[in-house]
Every structure is written in C-alpha cells, then in structure tokens.
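Student: return atomic coordinates for the entry below.
(2 chains)
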Amino acid sequence: MLFNSLDFAIFLPIVFLIYWYLLGKNLQVQNFFIVVASYLFYGWWDWRFLGLILFSTLVDYSMARLLGRAENLRKRKLLLWVSIVVNLGFLGFFKYYNFFLDNFVVAFSFFGKEFSGTSLQIILPVGISFYTFQTLSYVIDVYRKELEPSKNVISFAAYVSFFPQLVAGPIERATNLLPQFEKKRTFDYAASADGMRQILWGLFKKVVIADNCAEFANQIFNHYGDYSGWMLVLGAIFFTFQIYGDFSGYSDIAIGTARLFGFKLMRNFAFPYFSRDIAEFWRRWHISLSTWFRDYLYIPLGGSRGSLWKKIRNVFIIFIVSGFWHGANWTFIAWGVLNALFFLPLLLSKRNRKNLDTIAKGRVFPSFREWLGMLTTFSLTVFAWIFFRAENLSQAFDYVYRMMTDLSLTSLQTVGTFIFHRHIGSVLILLVAFLLIEWKGRGDQYAIEQFISRWRKPTRVFFYYGLIFCLFWFAGEVQQFIYFQF
Amino acid sequence: MKKLILRSLWYVTPVVLIYVFTICKYNLNVGDLLRMGYVPELNSSYRNQFASFDSLPVRFDELQFLPKKKHYRVLTIGDSFTGQGNRGYKNQLAQKESVLNVSGVSWSPFESLSLLINSDFFEHYQIDYVVLQSVERALPDRIETLDTNKILLFEDLEKKMNALTEEDKRIERQATLEKKAHEHLFFSNQSLKFVWNTMKFFFSSKTELENGIQKVTLNRDLFTVNNRSLLFLKDDLLSVRYNQKKENAEKLNDYLNAFTQKLKEKNSQLIYMTAPDKYDIYQKYIKDKSFPRPLFFENFRELEKQYHYIDTQEILAKRVKAGEKDVYYFDDTHWSPKSAKIIAEEILKITTKKAE
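Tutor: Okay, here's the model as predicted:
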C-alpha cells in the first residue's frame, strides 16, 4: 500500500494502537506483531512475493547462525557465498534476466550469430533491491565478525520486513536496527510527535512537490520532440525536484513512522541540492545506499588507496554498479558513468572531502563561492538525471542534443508561454517556498525539525494546518513512488 | 500516548470528516456537469426515467472494427452527441436502418468526412446517407482548422482503426488500474473542491463552479430534479461570440455544400445537424437577462442549402417552450435520450421519404 493512500491511513493507526496498547508489555509478541503487520503491508501489493521475502529471511538467518558457529575460514567463505548467491540470484533473476537476455541476443547478432532465448514476463517484486541489500549487509557483518548473529528468528524477521522501510529504504544496517528489536521499547511522546511532524513534511514533499513536478516532467519528457531547448531544461529541472521530493519524502515518512514505534532509522537525505560539489552531493543523496556500496564494495576493492588506475577503476565500478542497481537499462549505467566522471577529478585532486559541514553554517546567505558551487553541482546533477529519466539511451542523447542546440532567446520565451498558459505559477510558488523552508532547516535532520519548535503555538498550529491544506488542495495527480520500481 | 492521539485527532478529524462527506455525496456515475463541477447529486433516481432506453439492443456497426458488410443506409460521423451508447440517436436510428458509425479518424467530424471523401472509402462501402453532426460550441475550432485537401488512403484508414482498437484496450486496462488507484485516493483536492463547490452551488444563484461549469437560475422548472438551476459549460458562452457572426455560418454552409457535391458523385446524400449547446436551448429562461442571445441557428437557418438539414434547435426549443422537462439532462451537457429519439425520427423522415 502506498504511504499516501487511504489504506495506509487506516492501517497505521490500527497497528500503532495494537502495538502499544495491547502488546506493549511483551517484546517477543510485539516483534511478532511487527512481522505480521509488515507481511500484511507487503502482501497488499502482491501476496505472491511473501514467500520470497520469507525464504530470503530464513536463508540469511540460517547462514548467519552457521557463520556464528563456524571457525574454519573456508567454510565461512562458503556460507557467505551461499547467502550472496541466493540474494543476488533472486535479484538478478527478477530484475536483470530479460536485460541480459536481450543484450546477449544483440551481441550475438553483432557477430553474425543467432541466439534465441525466451523473454519472460517477470514481475519485479516491490522492494527486492532494498531488502536484499539489507539482509546481505547483515550476513557480511556477521562474516566480518562485526556483529553477533541473531538468535531470535522473530527479531530477525522483523528487522528484514519492518514495514516503514521495507519497500524503498533506508537500507538499514543490522548494527543499527537489529539491536533495537532486541530491547524493550517505551513510548516516547517527544519522539512520536517529532515522527508525526516528519511524516507530515514527507507527505508534503511527495504529494505536493513531487507529484506536481511529475506532471510537467512527464509531459515534457514524453513529448520532448515538440519542445524547445529551454523547455527541455525546464523538464529536466522538474524531474530533478520530482525525484528528490518523491524519494526523500518517502524516506521522511518511513523514518517518521518508525519513530512512532520507538525505532530510530538512519538518515537517508541531507539536503543534497545544497551541495557545493559532487562529492558532497554523494554524501547527502540516498545515504543508506551510497554508504552500503562504500562499505561492502568500494573499500574491499581498495577504495581510494593504491595506484591511480586502481582508484579510477574503483570509482567507475562503484558508480556503474550503483546505476545498475537502479534498473536494468543502459540509461542507469550511463547515469552512473556520468557521476563517476563528475566525481573523479575531485578524488584525484584530493578535494573530495572539502565540504563536510553545512553550507553557510550560521549565516543566512551563502558566499559567492558557495553559490557558484551549488549552481555547478545542481547543473551537473540535473544533466545526469536526464539519463536516469529517459526511456533509453537513444532518447537520452536525443534529448540532450535538442536541449543543447536550441538555447536561443526565442526558445526561452516558450518557457514563459508554457508557464503562463499551463497555470503552473502556483506550483512554482510552492517550489520556491519549499526550497526556502529546506534552506532554513538545512542544518537539521529534516527541514521543519527545529525551527518550527521555536514558533509560538498558534503559529505552529497555523503552519501545520497550512501544510495539511496544501496536501489536499495542491495534491498532484497520483504518481507511483519512483523508487518502487527498483 | 493519549496526548499524541488527541493532538493528532485535532488535525486529522476535520480532514476525515470532509473526506467521508465527499465519498458519501460525490457520485462519479452522474452526468459530466455534476462530476466536473464537483456538485452533489440532487436526486439519485433522476436518471431512472431514461432506463427504458438502456434495454435497446446495440444495432449499429463501428468502422473501427472494419465490418465485412459493405452497404449501409446511414453513415454517422459526429462527436459525443453522436455517441451516447445505446441511448444515442444513432442506435435508435439503427433499430430501423442499417447504421455504420465512424469515430477516431480525426478529432473533427468535418475533417473525418473530408478525409473519407478524399479517400477510396466510398469504393469499399456503399453509403446512402451521411449524417454529419457537430456541437455548436466546437464549431469555431473545427471550421477554422478544416483542411479539405488532406487525403487518407483506405489502407491507412485500416491501420488507424486497428491502432484505435489497441488504444481502446490499453485505455480499458489503464482505467481499471486508475479506478483502483482512485478508490484508494486519500490525498487529492477532490474533497476540498467538493465542499467548496457544493457551498457555491447551494448558496449562490449565479456562479462558476469547478472546470468552468456555470450555474444560473431559471424562471421555470425545466428539469425533473425540482430545482430551477441550470448547469452548462463555459465554452457554450465563449463560442457565442464567434457563432454570432453571419460570415462564420456562411463559411460552414459553404463547406457543407461542397461536401454535398462530392458525396453526390459517390451516390450518397448529406444530412447535417448542429447539436445545440445546452445554453442555446435554455438561454431564454435564465432569470438574469444579461446573458447574450445565441444567434448561430438564426443565421444558419436563412442560408441556402444543398443538403438535408435538421434544425435541432428549432425542434428541441419548441419542446422546451411547450413545457417538456429534461429535453437535455439536468446534470449533463448533452441532450437526453428522449431528444435523441426525436432526432432519430427526424433522420428517418428523410431516409424513408427517399425510399418511398
């Protein structure tokens, strides 16, 4: 069920009340209830894939238990590889089978050979990329002896299937989340109220910002041949805000919901569009995924140590795999390659860890240098998102070509006409207001976490009602959460 | 925890109440004007009076499915007034004559006919009468953009019709998904719009509702919902200015005369009718006398015609004047099945007169 649906609006309070009022005293039963509720949540999409998540859970639980008892290195490696093969095998089959088959066919025909394979009508189980990586990280941490294997299958099942973050992250590390299932949770009003506030803000980002931007992004991308260069720039910008509002909004709802149940999930977005360089962007965008790849792929490959060739190789591997994780399409790989090309100069010149603090900390306005950095980084990410959004490489290149070769003043006027005729003034005003609020709260976990609390109560109440009103009045056409397709 | 629940209820309750009110009172299976205007149904049994038309079997053929039959008495080309499923005039006509309906060739009925005339369509199908229909408010766009030189070969027409069938299937699948999504839609402006427009509808005698739906007050009871409101599209008003001009009526007439000549060469006769805007039929009875009088039909009536002309405005306005209710649907921009039946009878008068 979608977070912004009536089903979830009914599901959540019922689960919340049962969780605290009826089961608050018994940890084991409470955890079991989380498993039941999470499976219900997941099965709402498609009950057929419940077996898959259950199987994945049991395999990884068993492998980890065996790893805990095994001392022989060879045996430990074997157990680890069993888990990796099972997890990545499912992921590979459901997500990449047709992609590899189609590309084999093309490759064989290029060499004059015929290769016939049967494409399958495979439905991608929602969230498979997320929970697979989550369980993999658990097994790897146990293998590395950074974590003791869980001895409680219920706690482990709850960790794997925890519904707030099951289908689109954050990809939680077992070291953070699993211990929270193994100790008693007490209701904390302040944390819960903060969670509600974060849910409200996440809904605003998704329902108002993302879905409204999606309408225009889709129109422009789906008919890009009809538009001028500057309109294509506008389309890319709309998509940039669509994907941010969509994904970070979902993460906010997930984190806020988890807090209602006494859990603390990791932060997944830290105002990435205020980044001063691409390295900073990647420290602030989809943090759970980028840190996963850093810890389980980049560092084992050698990271930024070693020869120049090795550094370059590792950067490309990370970004290409990250792109490929998003989907079985060459466009995602191209998006990864682009980001690697943007990142590499910073790494090689050792400027990738220059901007670690909050931009314009303690000041209202950024410096000219910071402005320039933000604008450059934003432009690069907008450009890369074109490849992410395009249906295929041919469309992506054609989009970029048309955009770059038609940036005249006449072309710019078409933007004004579009804005005027399509009455998107209100959307632009909302977008500006949204960015101002995000800027104001850029030092916090989420935009409205702290500065709202300094307002007087009537103002706070008015603001919350204002947000709720916006949720309903400015709700765009319902769009699926983008990251559900991954 | 009680504090959290109470505080949450403080924010959530008004939203839930508005939502519940909306799903109870906002019916999506009503006419387009109520639906688009976000207005509640005034009488849930209003449409029962037309239920007898639903039992009419569908007897017309669609060109979309490329029927094997090669001779039809009547070919119908029009817009949504020609649609209306088994309640529409073409199906009522089809109970007595063989009817082939054309849709999906072009967005404009005039262009559709022009393309068929310029193609080899009439070599594949023998048609005795072509009934061409356009709604009054769409005339400005359709006349100004008409290009009578465009050609469409029959093989391309076949491809278009096959693509239409595929598109229909896709839309049907999408509609099933969207309906499912709509049933679960909680965050939408539908609830707020419904409350706001309901208030406007009941507390204002003259107002503009959502999507440009106009609500005015009549000086007579002309609908069986027992409410002297009239709902119509803003487009009806906007097109009055264009349609007032005599030269625009003449332009249309010239096109129709030209079609008539070309159809004669194909052994076919043209029957033309403009479906009046709902505003046109009821304008006389609006309490507020500031609304402009539509002149299109008056201008058009005087012109010399080489084709069969059905003066729908005269026919239907007479019935309204005589006190007949629901000549048009109260909640829809279209004429009711009763009126569609009268139109079908007028067409029959022409087709059977020739046969005699």
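Student: quick one, strands of chain B?
Tutor: Counting by DSSP state E, chain B has strands at residues B:61-62, B:71-77, B:99-102, B:126-135, B:207-208, B:213-217, B:229-233, B:269-275, B:308-309.
Student: want to try JSON lines for those strands, with mean pLDDT and mean neighbour count as columns?
Tutor: For the C-beta atoms, the positions are set from N, CA and C on the backbone; glycine is no exception. Shown next, in JSON lines, are the strands of chain B (pLDDT from 0 to 100; neighbours: other CB atoms under 10 Å in any protein chain shown):
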{"stretch": "strand B:61-62", "mean pLDDT": "92", "mean neighbour count": "17"}
{"stretch": "strand B:71-77", "mean pLDDT": "96", "mean neighbour count": "22"}
{"stretch": "strand B:99-102", "mean pLDDT": "95", "mean neighbour count": "24"}
{"stretch": "strand B:126-135", "mean pLDDT": "96", "mean neighbour count": "22"}
{"stretch": "strand B:207-208", "mean pLDDT": "93", "mean neighbour count": "14"}
{"stretch": "strand B:213-217", "mean pLDDT": "95", "mean neighbour count": "20"}
{"stretch": "strand B:229-233", "mean pLDDT": "94", "mean neighbour count": "23"}
{"stretch": "strand B:269-275", "mean pLDDT": "97", "mean neighbour count": "23"}
{"stretch": "strand B:308-309", "mean pLDDT": "96", "mean neighbour count": "20"}
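Student: put together JSON lines for those, with distance to B:D120 on each row.
Tutor: JSON lines is the format used below for these (distance: least, CB to CB, whole Å):
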{"stretch": "strand B:61-62", "distance to B:D120": "19"}
{"stretch": "strand B:71-77", "distance to B:D120": "15"}
{"stretch": "strand B:99-102", "distance to B:D120": "15"}
{"stretch": "strand B:126-135", "distance to B:D120": "13"}
{"stretch": "strand B:207-208", "distance to B:D120": "48"}
{"stretch": "strand B:213-217", "distance to B:D120": "43"}
{"stretch": "strand B:229-233", "distance to B:D120": "38"}
{"stretch": "strand B:269-275", "distance to B:D120": "19"}
{"stretch": "strand B:308-309", "distance to B:D120": "25"}
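Student: minimum distance to B:Y46: which of those strands has it?
Tutor: B:Y46 lies closest, by CB to CB, to one member of the strands of chain B: strand B:229-233, at 12.8 Å.
Student: got a list of contacts for the closest one?
Tutor: B:33-34, B:37, B:39, B:137, B:201, B:209, B:212-218, B:222, B:277-279, B:282, B:285-286, B:330-331, B:333 (CB atoms under 8 Å, 6 or more residues apart in numbering or on different chains).
Student: among the residues you listed, name the buried ones.
Tutor: B:33-34, B:37, B:39, B:137, B:201, B:209, B:213-216, B:218, B:222, B:277-279, B:282, B:285-286, B:330-331, B:333 (16 or more other CB atoms under 10 Å in any protein chain shown).
Student: what's the pLDDT at the residue of the stretch 251-356 of chain B found nearest chain A?
Tutor: Per CB to the nearest CB, B:T333 is where the stretch 251-356 of chain B lies closest to chain A, at 23.0 Å. We have a pLDDT of 94 for B:T333.
Student: just checking, what packs against the helix or strand hosting A:G466?
Tutor: If you go by DSSP states H and E, A:G466 is part of helix A:457-473. If contacts are counted by 3 or more CB pairs under 8 Å, 6 or more residues apart in numbering or on different chains; DSSP states H and E, helix A:457-473 sits against helix A:189-203, helix B:2-25, helix B:190-203.
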